[in-house]
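Visitor: Sequence unavailable; structure follows:
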């Protein structure tokens with residue numbers, strides 16, 4: 001379809017200390033998370049200045065993409081909406097409709113197929129005003145620019161740490177049952193993370209003129225009841241295991257994060273770093289790829305094709321009617337592709 005508005009959808013975050021607890025309450029609504037747990041998590045935000053950097057990073061991401069689209073003679077009006085903080089997705093959809101737009105291309109600040117990183121945004125977008133057509137860009141972990149960005153960010157760390165380094169490619173953990181529902185045939189979240197990690201680490205080793213290091217896909221930032229299985233191994237456990245087997249240097253590659261979420265700044269830069277110190281391991285955390293020119297150019301090119309109604313090869317395998325759905329509570333969702 002031809003498109004007359006572009007919408008970046010993101011998770012959202014608090015932008016001041018007084019917004020932290022209300023934000024966390026929205027994120028965990030209906031999940032029975034004790035207030036004491038929310039207050040402990042709130043301390044992470046307060047320790048980092050009382051705000052999440054995510055909203056500002058999303059604004060920066062959108063500005064960079066709009067600039068690249070204008071260079072391609074595309075001046076489509078662009079909007080930003082969040083799931084858990086203002087401006088909320090539903091309010092922005094109403095704003096878009098009020099401005100006279102009728103066909104919207106949405107895309108998420110998340111490259112990989114999962115419920116929270118893709119399907120839930122499609123559900124959020126289904127609540128727009130009548131007459132507004134919305135389609136969401138499919139997950140874009142296949143972009144060569146993403147691999148290039150990760151590799152170029154990792155290569156200096158490999159060169160600095162030297163031989164004997166282990167790479168831990170880390171992503172947000174999700175419940176194991178939810179991970180099995182990702183993608184058209186299941187298991188796509190972990191599979192795509194592994195594929196991108198392998199390609200980026202191989203290319204980084206080439207750039208650093210070193211052998212491909214041992215590496216492992218690990219997970220972080222799990223929450224919820226301990227009896228519910230989530231994807232493992234946890235990054236802290238992986239650091240301890242690496243130390244116990246003689247590794248003295250670890251490069252942390254945040255493959256599952258485009259920008260510096262609190263989960264990167266706290267869970268990796270504070271908590272994982274503390275585990276590394278206690279374990280006698282030197283640790284370098286690699287920068288996230290979201291502001292790398294190669295990644296931005298690749299994502300802008302895909303958006304430009306979609307804005308012009310140009311398919312790029314075979315139909316996307318993602319975003320079928322049941323793709324990444326929560327079987328416990330199936331909800332309507334906009335189309336993706």
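Guide: Okay, I see it. Since the model is a prediction, treat every value here as computed from it, not as a measurement. Residues are numbered from 1 along each chain as shown.

Visitor: ranges for the strands of the protein?
Guide: Counting by DSSP state E, one finds strands in the chain at the ranges 5-10, 78-82, 103-108, 133-136, 165-172, 215-220, 249-253, 282-285, 335-336.

Visitor: Can I get these in a markdown table including mean pLDDT, distance to residue 147 and mean neighbour count?
Guide: Heads up, the C-betas are built off the backbone N, CA and C, glycines and all. What follows is those, written out as a markdown table (pLDDT from 0 to 100; distance: least, C-beta to C-beta, whole Å; neighbours: other C-beta atoms under 10 Å):
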| stretch | mean pLDDT | distance to residue 147 | mean neighbour count |
| --- | --- | --- | --- |
| strand 5-10 | 97 | 22 | 25 |
| strand 78-82 | 98 | 26 | 21 |
| strand 103-108 | 96 | 19 | 23 |
| strand 133-136 | 94 | 22 | 21 |
| strand 165-172 | 98 | 12 | 26 |
| strand 215-220 | 98 | 14 | 23 |
| strand 249-253 | 98 | 12 | 26 |
| strand 282-285 | 98 | 19 | 19 |
| strand 335-336 | 82 | 22 | 20 |
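
Visitor: In JSON lines: the ones you listed, plus distance to residue 126.
Guide: Shown next, in JSON lines, are the strands of the chain (distance: least, C-beta to C-beta, whole Å):
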{"stretch": "strand 5-10", "distance to residue 126": "12"}
{"stretch": "strand 78-82", "distance to residue 126": "13"}
{"stretch": "strand 103-108", "distance to residue 126": "11"}
{"stretch": "strand 133-136", "distance to residue 126": "8"}
{"stretch": "strand 165-172", "distance to residue 126": "24"}
{"stretch": "strand 215-220", "distance to residue 126": "29"}
{"stretch": "strand 249-253", "distance to residue 126": "34"}
{"stretch": "strand 282-285", "distance to residue 126": "37"}
{"stretch": "strand 335-336", "distance to residue 126": "10"}
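
Visitor: Per the annotation, how does this structure divide into domains?
Guide: The chain breaks down into these domains under automatic domain parsing: 5-141+292-336, 144-285.

Visitor: quick one: contacts for the most centrally placed residue in the chain?
Guide: By C-alpha atoms, centre = their mean, the chain has its centre lying nearest to residue 110, at 3.6 Å. For residue 110, the contact set (C-beta atoms under 8 Å, 6 or more residues apart in numbering) comprises 117, 118, 121, 139, 258.

Visitor: in stretch 123-143, what counts as buried?
Guide: 123-125, 128, 132, 134-143 (16 or more other C-beta atoms under 10 Å).

Visitor: sorry, back to before: ok, the contacts of residue 110 vs residue 105, which is closest?
Guide: Residue 105 lies nearest to residue 121 out of these, by C-beta to C-beta, at 12.7 Å.

Visitor: Residue 83 is in contact with the closest one, correct?
Guide: Yes. Under the criterion of C-beta atoms under 8 Å, residue 121 makes contact with residue 83 at 7.1 Å.

Visitor: what touches both of the two?
Guide: What both residue 121 and residue 83 touch, as defined by C-beta under 8 Å, 6+ apart, is the set 9, 89.

Visitor: So which of the two has more stuff around it?
Guide: Taking other C-beta atoms under 10 Å, residue 121 and residue 83 do not tie; residue 121 has more neighbours (27 against 19).

Visitor: Please, where are all the helices along this protein?
Guide: Ranges of helices in the chain, per DSSP state H, are 20-27, 35-47, 54-71, 89-98, 120-125, 144-161, 176-180, 188-207, 235-244, 262-265, 273-279, 293-307.
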